[in-house]
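Engineer: turn this into a model:
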Amino acid sequence: MKDRTGELSANHEEVSLVVLSARMFRRWRLMFAVFICVFAAGALYALVTPERFQFVSLVQLGPLQEGLGMSRSEELVSLLESQWGPAAALDLVEDEGRALPFTLEFSSPEGSRLVKITSISSLNSKGLVEKVHQQLLADVTAQQMQELELVKARLTARLNALDEGLRNLADSRQQETAMAMASLYERRAEVKARLEALGTAEVVAKARRAPESEGPAPLLIIVVGAFFALILALVAAFFAEFIRDVRRAM
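Structural biologist: All right, here's what the predicted structure looks like:
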C-alpha cells in the first residue's frame, strides 16, 4: 500500500513538472524577448566599455639622513595626496576642460624609500596619464633636490667647522688636546660619510602599464550576461503564468 502511495506521489510530481514546463513553454515568445534584451544589454556593455589598465610610476628616493630635515617617503605621499595630486587635477581641468578620467593613488611600501603613483585608466587616456604622472614625478624629485641641497649645505658647514677646530688644535701638544682632536677626527669621518652617502631621487618607472587589464574580460561579461538572461527569461515566464492563474481565479 505504501509503495502504491509513493508511486502515485511520484507520478503526480512528474506530471506537475511536465505541466509546468509545458505552460512555461507557451510563453516562449516572452522568454525569447527577455533573453534577447538582457543578453544584448550585457553584450553591448562588454563591447562598449573600454578595457582599463593599471599604470604605475615609481620614484626611488635617496638615502634618508636623520635629523637633517629630509622628508620620509610617507611624508611625500601625504604631500602628493594633499597638494600635488589635487593641483595636477586642477591643471588638467584648466588645460583640457574636463576632470581626471582616471584614478590617482599614492603609496609607499613599508620599510622602503619608494614612492608609488598608481592610476587605473583606459588606453584612450594613456597620454593624459603620462602627462599627470610626469608632473607628479617632477614635484617629488624637485622636493628631494631642494632638501638634498639644504642637507648638503648643513653637512658641509659642519665639516668646515670641524676642520677649523682641528686646525686650531693642531699646534697644541697637551694630552687633553690630543683626545679632543681624536674626537673631532671621529666626528669629521662620520659627517664626511654622511655627506658622501647623499643621493638624488631616481625615477624607476614612468606610467608603466600592467600587461593585464583590470576587471572582468569582455568574454566573461558576455557569458555571465547570457546566464542571467536565461534565468530572467524563466522567471518572466513563471510570473506571467502565475498572474494568468490569479486572474482566472478572481
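Engineer: ranges for the strands of this protein?
Structural biologist: Under the criterion DSSP state E, strands of the chain are mapped to 52-60, 105-107, 114-122, 202-214.
Engineer: quick one: low-confidence residue ranges for this protein.
Structural biologist: For the chain, residues meeting the criterion pLDDT under 70 lie at 1-21, 23-24, 64-69, 97-98, 169-178, 181, 196-197, 215-216, 250.
Engineer: any idea which residue sits dead centre in it?
Structural biologist: Among the residues of the chain, residue 118 comes closest to the average C-alpha position under Cα atoms, centre = their mean, at 4.8 Å.
Engineer: who's it bridged to?
Structural biologist: When bridges are called by DSSP bridges, residue 118 pairs up with residue 56, residue 105.
Engineer: is it true that it touches residue 85?
Structural biologist: No. The criterion here is Cβ atoms under 8 Å, and residue 118 misses it with residue 85 at 11.6 Å. C-beta here means a position set from N, CA and C on the backbone, and glycine is covered the same way.
Engineer: give me the common contacts of those two.
Structural biologist: The contact sets of residue 118 and residue 85 overlap at 104, 106 (Cβ atoms under 8 Å, 6 or more residues apart in numbering).
Engineer: count the neighbours of the closest residue to residue 26 other than its chain neighbours for me.
Structural biologist: Distances taken as Cβ to Cβ, 6 or more residues apart in numbering place residue 241 nearest to residue 26, at 7.9 Å, with adjacent residues excluded. Each residue near residue 241 was counted by other Cβ atoms under 10 Å, and the total is 16.
Engineer: please point out which parts of stretch 203-211 sit buried.
Structural biologist: Neighbour counts over stretch 203-211 (16 or more other Cβ atoms under 10 Å) mark 207, 209 as buried.
Engineer: for stretch 93-107, that is, sorry about that
Structural biologist: 100, 102, 104, 106.
Engineer: just put the strands of the chain in TSV and tack on distance to residue 31.
Structural biologist: Listed next are the strands of the chain as TSV, based on distance: least, Cβ to Cβ, whole Å:
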stretch	distance to residue 31
strand 52-60	34
strand 105-107	45
strand 114-122	36
strand 202-214	34
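Engineer: who wins for proximity to residue 131 among these?
Structural biologist: Across those, residue 131 has its closest neighbour in strand 202-214 (8.8 Å, Cβ to Cβ).
Engineer: now that closest one and strand 52-60, what's the angle there?
Structural biologist: On the basis of axes from the mean of the first three to the mean of the last three Cα atoms, to 10 degrees, strand 202-214 is oriented at 160 degrees to strand 52-60.
Engineer: strand 202-214: partners in the sheet, and parallel or antiparallel?
Structural biologist: Strand 202-214 has the following strand partners under DSSP bridges: strand 52-60 (antiparallel).
Engineer: what's the local residue count around residue 84?
Structural biologist: Burial of residue 84 is recorded as 21 neighbouring residues (other Cβ under 10 Å).
Engineer: skipping adjacent residues, who's closest to it in space?
Structural biologist: Closest to residue 84 by Cβ to Cβ, 6+ apart is residue 139, at 4.4 Å.
Engineer: residue 25 is in contact with the residue nearest to residue 26, correct?
Structural biologist: No. Residue 241 is beyond contact range of residue 25, at 10.4 Å (criterion: Cβ under 8 Å).
Engineer: shared neighbours of those two, anything?
Structural biologist: Common neighbours of residue 241 and residue 25, using Cβ under 8 Å, 6+ apart, do not exist here.
Engineer: what is the burial count for residue 248?
Structural biologist: Using other Cβ under 10 Å, residue 248 has 7 neighbouring residues.
Engineer: so it versus residue 237, what's the distance?
Structural biologist: To residue 237, residue 248 is 17 Å away according to Cβ to Cβ, to the nearest Å.
Engineer: likewise residue 71?
Structural biologist: Residue 71 sits 65 Å away from residue 237, going by Cβ to Cβ.
Engineer: next one: residue 76
Structural biologist: When residue 76 is compared with residue 237 (using Cβ to Cβ), they lie 60 Å apart.
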